[in-house]
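Asker: Predicted model follows, preceded by the sequence.
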Amino acid sequence: MRSYLHNGALGDIIYSLPAVIAMGSGTYYTKEKFINIIGSLLEMQPYIDEVRNCTEKLPDGCVDFRGYRSFTRKEPLKHLVECHSEAIGVEVNYSDPWLFNIEPNNHIYSIVVGRSLRYHDKEDIDWGILKHYRHYACFVGFLEEYKAFINKIGFRIAYMHSTSGLTLASIIKRAELFIGNQSFAWSLAEAMKVPRVLEVYHKNPDTMPCGRDGYVYLDKSLIERYTNG
């Protein structure tokens, strides 16, 4: 049975999973703080047998993803999925979904927004478009992220608190359209291939949407293509 080691950020763990699929199922080792957030989400995947603390003694031959960071600094810039796959020398498919078995939350919001406090773009997303759809939209993320977003756009949308990566994934899975920046929430939307719009951080665009229903712009026609707003 294979084993895998990753000690990076939550979104980067999600971007490592296509390489796990390519190599074969096994045990995934990571930090305890990450296990507490996304351990249950990872263990639901058919290609992960269990998730364990990386402070344990690692099996011989453990596939080490930690080298992916060196690929994030190379030119030309690569997608984070490619950084992981090249770090261990495998070819992957990330045009299709790679996060499975997520049951959609039964919330009522057709638009889900997730925007972290960094990796913002100044031009591509006109968030004011959402004002017409504010009663159909909700925000996911930390409370300080929500407050910053509301302060930016000048009107309120609902806030949905999520206590785990699995809860967050289920909220995004239910979305008719997800809108967000380069964040953990975006990695989940990209991995599940829900209809999604990325606010591109042009200084480091390393998570561009790949596959169908992925966009880097937002307008009324796009919103109405996917929602009943």
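Answerer: Yep, that arrived. Nothing here was measured: the structure is a model prediction, and the numbers come from that model.
Asker: Which element, helix or strand, includes the residue with the largest distance to the centre of the chain?
Answerer: Within the chain, the residue lying farthest from the chain centre (C-alpha atoms, centre = their mean) is residue 60, at 30.2 Å. Per DSSP states H and E, residue 60 falls between elements, in no helix or strand.
Asker: again, but for residue 16
Answerer: According to DSSP H and E, residue 16 maps onto helix 10-23.
Asker: so how far is that helix from its chain's centroid?
Answerer: Its chain's average C-alpha position is 11 Å from that of helix 10-23, according to C-alpha atoms, centre = their mean, to the nearest Å.
Asker: can you give me the mean pLDDT across that helix?
Answerer: Computed over helix 10-23, the mean pLDDT rounds to 97.
Asker: Does anything pack onto it? Which helices or strands?
Answerer: Counting contacts by 3 or more C-beta pairs under 8 Å, 6 or more residues apart in numbering; DSSP states H and E, helix 10-23 packs against strand 2-5, strand 26-30, helix 32-43, helix 80-88, helix 184-192. Placement of C-beta: from N, CA and C, glycine included.
Asker: if you set the cut-off to 6 Å instead, what comes out?
Answerer: helix 80-88, helix 184-192 (3 or more C-beta pairs under 6 Å, 6 or more residues apart in numbering; DSSP states H and E).
Asker: gap between the last one and the chain center?
Answerer: This means helix 184-192. When C-alpha coordinates are averaged (C-alpha atoms, centre = their mean), helix 184-192 and its chain have centres 2 Å apart.
Asker: helix or strand right after that helix?
Answerer: strand 196-199.
Asker: May I have that following strand as PDB, with CA atoms only?
Answerer: This file holds the C-alpha atoms of strand 196-199, laid out as PDB (Å, rounded to 0.1, in the frame of the first residue of the first chain):
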ATOM      1  CA  ARG A 196     -17.200  28.600 -10.800                       C
ATOM      2  CA  VAL A 197     -15.700  32.000 -11.300                       C
ATOM      3  CA  LEU A 198     -12.100  32.900 -10.200                       C
ATOM      4  CA  GLU A 199     -10.900  36.300  -9.200                       C
END
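Asker: what's the residue nearest to residue 83 when sequence neighbours are not counted in contact with, if anything?
Answerer: Nearest non-adjacent residue to residue 83, counting by C-beta to C-beta, 6 or more residues apart in numbering: residue 71, 3.8 Å away. Each residue near residue 71 by C-beta atoms under 6 Å, 6 or more residues apart in numbering is listed here: 83, 86, 87.
Asker: related to what we said a few turns ago, contacts only, for the residue farthest from the centre of the chain.
Answerer: Residues in contact with residue 60 (C-beta under 6 Å, 6+ apart): none are found.
Asker: mind running it again at 10 Å?
Answerer: Neighbour list for residue 60: residue 3 [criterion: C-beta atoms under 10 Å, 6 or more residues apart in numbering].
Asker: Right, I'll call it a day here.
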